[in-house]
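Peer 1: need a 3D model of the sequence below.
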Amino acid sequence: MSVETKQRRTRTRLTRHPLILFTVLAYTISWFCWLPLLAARQGWVGWSVSPYLQLLGGLGPAAAALVTRAVVAGRTGVLSLLRQVIAWRGRLRWLALAVLGPLALFAAAVIVARVVEGGWPDLSHFGANTEYPALPLVAFWAASLLFDGFGEEIGWRGFAQPTLAGRHSALGAAIIVSVIWATWHLPLFGVTPTYRAMPPIGFLGFFLSIVTASLVLTWLYLHSRASILVAAVFHTVFDIATTTPTTTTLIPTLMGVIITVAGLAVIPNLYRRRSAATSG
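Peer 2: Purely as a prediction, here's the structure:
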């Protein structure tokens, strides 16, 4: 058998199961960055590791999506995916929702916290992050958009969701993506302080939060006509708002409750949809 024939057969096998190839690549790339950090945080090694490896690992899903799309659909497929990353024309209302929606949820949570706890929480450090204190605020926001927003959403919504949409409803695809997405986080449970502090029951709560977030992000992606930009911006702003340092833990809890309600509310709409992207 010639080398060319072997390469053709290998490509055929890979293109037959693109989601498996994508998932293996996403885990491999991200975990390659995170495992040294995990070893250092757990005391398995005697040297320090840069915390920025956690950010770098966020690019795993995006890199995996681009590689898999190149294998399956070539240059045309990659360019099509990249166009979704910057798709904003005719989607300004959805971009506005992606920015203002999480901020409105944050404001509602602040007001409820004020009523429940009898005092206003300290919001002087809004948008800051304790894991990367050396990064200026704007630099942290930009890094969050690049590594967390685009790094994840190019993979989860941009590649995995449409790949599954041919055989599943948008709802079914979103749930399958949420399982891949949640499992992808596993090494971070030994790295990120908030994850490390979770009791065992917290793992169930984390998974349910990923499911509901996947539903909301899928709904945004579909209604914005497959704009990865919209999904990435919402993902970023929501993460920044929920992890912002305040004097109460009630705010992220309340935001989690609200996003869960939103996820449940979009279930009927997602159940009726089968296409990867429809106008809304």
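Peer 1: which SS state does the closest residue to Trp44 other than its chain neighbours fall under?
Peer 2: Of all residues not flanking Trp44 in the chain, Leu38 sits nearest, at 7.9 Å (Cβ to Cβ, 6 or more residues apart in numbering). All C-beta atoms are positioned from the backbone trio N, CA, C, and that covers glycine. Assigned with DSSP: H, G, I helix; E, B strand; the rest coil, Leu38 falls in the helix class.
Peer 1: so which residues make contact with stretch 95-109?
Peer 2: 88, 220, 224, 227, 229-231, 233-234, 237-238, 240-242, 244, 250-252, 254-255, 258-259 (Cβ atoms under 8 Å, 6 or more residues apart in numbering).
Peer 1: give me the buried subset of those residues.
Peer 2: 220, 224, 227, 229-231, 233-234, 237-238, 240-242, 244, 250-252, 254-255, 258-259 (16 or more other Cβ atoms under 10 Å).
Peer 1: number of nearby residues for Leu100?
Peer 2: Applying other Cβ atoms under 10 Å, we find 13 residues neighbouring Leu100.
Peer 1: for it, give me the pLDDT.
Peer 2: Leu100 carries a pLDDT value of 96.
Peer 1: need phi/psi at it.
Peer 2: Leu100 adopts backbone torsions of phi -80, psi -30, taken as degrees, to the nearest 10.
Peer 1: distance of it from Tyr271?
Peer 2: 27 Å (Cβ to Cβ, to the nearest Å).
Peer 1: cool, and Leu19?
Peer 2: From Leu19 over to Tyr271 (counting by Cβ to Cβ), the distance is 21 Å.
Peer 1: with Thr248 instead?
Peer 2: From Thr248 to Tyr271 the distance is 36 Å (Cβ to Cβ).
Peer 1: neighbour-wise, which of the two wins?
Peer 2: Using other Cβ under 10 Å, the more surrounded residue of Thr248 and Tyr271 is Thr248, with 18 against 12.
Peer 1: for the more buried one, what are its contacts?
Peer 2: Contacts of Thr248 (Cβ under 8 Å, 6+ apart): Ala113, Glu117, Pro121.
Peer 1: with just CA atoms, put stretch 55-71 into CSV.
Peer 2: Extracted C-alpha coordinates of stretch 55-71, given in CSV (Å, rounded to 0.1, in the frame of the first residue of the first chain):
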residue,chain,number,x,y,z
LEU,A,55,-5.1,31.1,30.3
LEU,A,56,-3.1,29.4,27.5
GLY,A,57,-4.9,26.2,28.0
GLY,A,58,-8.2,28.0,27.2
LEU,A,59,-7.1,28.1,23.6
GLY,A,60,-7.4,24.3,23.3
PRO,A,61,-11.0,24.1,21.9
ALA,A,62,-10.3,26.9,19.4
ALA,A,63,-7.1,25.3,18.2
ALA,A,64,-8.8,21.9,18.0
ALA,A,65,-11.7,23.3,16.0
LEU,A,66,-9.4,24.9,13.5
VAL,A,67,-7.3,21.8,13.0
THR,A,68,-10.3,19.5,12.7
ARG,A,69,-12.1,21.9,10.3
ALA,A,70,-8.9,22.0,8.2
VAL,A,71,-8.8,18.1,8.1
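Peer 1: what residues are up against Leu188?
Peer 2: Trp34, Gln54, Tyr195.
Peer 1: distance to Gly205 added to these, as a markdown table?
Peer 2: Converted to a markdown table, the contacts of Leu188 look like this (distance: Cβ to Cβ, whole Å):
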| residue | distance to Gly205 |
| --- | --- |
| Trp34 | 21 |
| Gln54 | 21 |
| Tyr195 | 11 |
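Peer 1: ok, those residues vs Leu164, which is closest?
Peer 2: Closest approach between those and Leu164, by Cβ to Cβ: Trp34, at 25.1 Å.
Peer 1: how many neighbouring residues does Val211 have?
Peer 2: 18.
Peer 1: next: Arg157.
Peer 2: Arg157 - counted by other Cβ under 10 Å - has 31 other residues nearby.
Peer 1: extract the CA atoms of stretch 174-192 and return them as PDB.
Peer 2: Only the C-alpha atoms of stretch 174-192 are listed here, as PDB (Å, rounded to 0.1, in the frame of the first residue of the first chain):
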ATOM      1  CA  ALA A 174     -26.200  21.700  23.400                       C
ATOM      2  CA  ILE A 175     -26.500  19.000  26.100                       C
ATOM      3  CA  ILE A 176     -23.900  16.800  24.500                       C
ATOM      4  CA  VAL A 177     -21.600  19.800  24.100                       C
ATOM      5  CA  SER A 178     -22.000  20.600  27.800                       C
ATOM      6  CA  VAL A 179     -20.800  17.100  28.800                       C
ATOM      7  CA  ILE A 180     -17.600  17.600  26.600                       C
ATOM      8  CA  TRP A 181     -17.200  21.100  28.000                       C
ATOM      9  CA  ALA A 182     -17.600  20.100  31.700                       C
ATOM     10  CA  THR A 183     -15.200  17.200  31.400                       C
ATOM     11  CA  TRP A 184     -12.700  19.400  29.700                       C
ATOM     12  CA  HIS A 185     -12.500  21.400  33.000                       C
ATOM     13  CA  LEU A 186     -11.400  18.400  35.100                       C
ATOM     14  CA  PRO A 187      -7.700  19.300  35.700                       C
ATOM     15  CA  LEU A 188      -8.800  22.800  36.800                       C
ATOM     16  CA  PHE A 189     -10.500  21.300  39.900                       C
ATOM     17  CA  GLY A 190      -7.000  20.900  41.300                       C
ATOM     18  CA  VAL A 191      -5.800  24.300  40.100                       C
ATOM     19  CA  THR A 192      -8.400  27.000  40.400                       C
END
